[in-house]
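# the sequence and its predicted three-dimensional model are supplied below.
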Amino acid sequence: MSDSTEKPVERADPPGGVGAVKKALMVLGCFSGAEPLLSVTELARRVGLHKSSVSRIVATLEEAQFVERDPASGMIRLGGGLVALAAPVMENFGLSELVRNGLQELAATTQETCSFNIWDGEAAVSIEHVRGSHPVSHYAPLGLTKPAWCTATGKVLLAFAPDKVMERVVAAPLVKYTEATLTDIDAIRAELRTVRTLNFAVNRGEFYPDVGAVASAVRGKGDRLIGAVGITVPMYRFTEEKILFLQKPLTTMAEFLSKQLSAM
């Protein structure tokens, strides 16, 4: 009679061998939009490997930025390094060219840095950007993860996420990055309702104290959420008048991209 607690027996693979690659892909395949955060123990259970083996696989994937550790829970999630792998796929579907052209037009109109961001199940991730023409402008590297409750792109993507996803994110420990960061759950829920109504989110120095931003969601066929267009502005010129000035061209571009993507 077998022991139900017996650990899986593994065959040793040479470093860098096909077996090692397959195991790494198995680990990556465990994540989904419904389950963006998983522990090493849970990953080991799902792929049928020893926890120590999965820990080594995760460490290797972490070095390549294919996975990262959630700072609040310590659990594992997909990382921004996967964005680079997704770029050729975007090119094949024409998405990259469409988005880049839209960002270039928006940056020319606003003179500010514009970006396109996708939802990784837990936060916004920047996958394309165009720098503004102002001598002083904010720049963030591609693959940057932006918390959902205190960034403009994160807010708008969270606002249009399924309710259970929204509740999971706001129920987790929320880091107060600056004095302006909201951490009150009821206040965040109220703000997200407004964001969903207007398709317009604002970040007033809530993630970095010297950076403000606005964002609007982009949707595709079947009203499926594709991503968010964002505009970042140094806080010293991020006035209420500036926010109002940015709202129209931003939401107009988001609507244009949505129509184009719905037709593809």
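In hand now; what should we look at?

# next, give phi and psi for residue 225.
Its backbone dihedrals place residue 225 at phi -70, psi 120, with angles given as degrees, to the nearest 10.

# what pLDDT is listed against it?
According to the per-residue confidence, residue 225 scores 85 in pLDDT.

# what sits against it?
When the contact criterion is CB atoms under 8 Å, 6 or more residues apart in numbering, the partners of residue 225 are 119, 157, 160, 161, 217, 218, 219. From N, CA and C alone the C-beta is placed, and that goes for glycine too.

# beta partners of it?
On the basis of DSSP bridges, residue 225 takes part in beta bridges with residue 219.

# how much space between it and residue 117?
The span separating residue 225 from residue 117 equals 11 Å under the rule CB to CB, to the nearest Å.

# common neighbours of those two, please.
Both residue 225 and residue 117 are contacted by residue 157, under the criterion CB under 8 Å, 6+ apart.

# returning to that earlier point: who wins on neighbours among the contacts of residue 225?
Ranked by neighbour count under the definition other CB atoms under 10 Å, the contacts of residue 225 are headed by residue 157 with 30 neighbours.

# am I right that that residue falls within a strand?
No. Assignment of residue 157 by DSSP: H, G, I helix; E, B strand; the rest coil gives helix, placing it outside any strand.

# need the per-residue pLDDT for it.
Value listed for residue 157 in the pLDDT field: 95.

# skipping adjacent residues, who's closest to it in space?
By the measure of CB to CB, 6 or more residues apart in numbering, the closest residue to residue 157 outside its immediate chain neighbours is residue 119, 4.3 Å from it.

# before we move on, back to that, which of the contacts of residue 225 sit farthest apart?
When CB to CB is used, the two most widely separated members of the contacts of residue 225 are 161 and 218, lying 14.0 Å apart.

# circling back: enumerate every residue touching the residue nearest to residue 157.
Contacts here follow CB under 8 Å, 6+ apart; on that basis residue 119 touches 33, 125, 157, 158, 161, 225, 227, 228.

# closest to residue 19 among these?
When the contacts of residue 119 are compared for distance to residue 19, the smallest value, 28.4 Å, is given by residue 33; criterion: CB to CB.

# what's the end-to-end length of stretch 45-55?
Stretch 45-55 stretches 12 Å from its first residue to its last (CA to CA, to the nearest Å).
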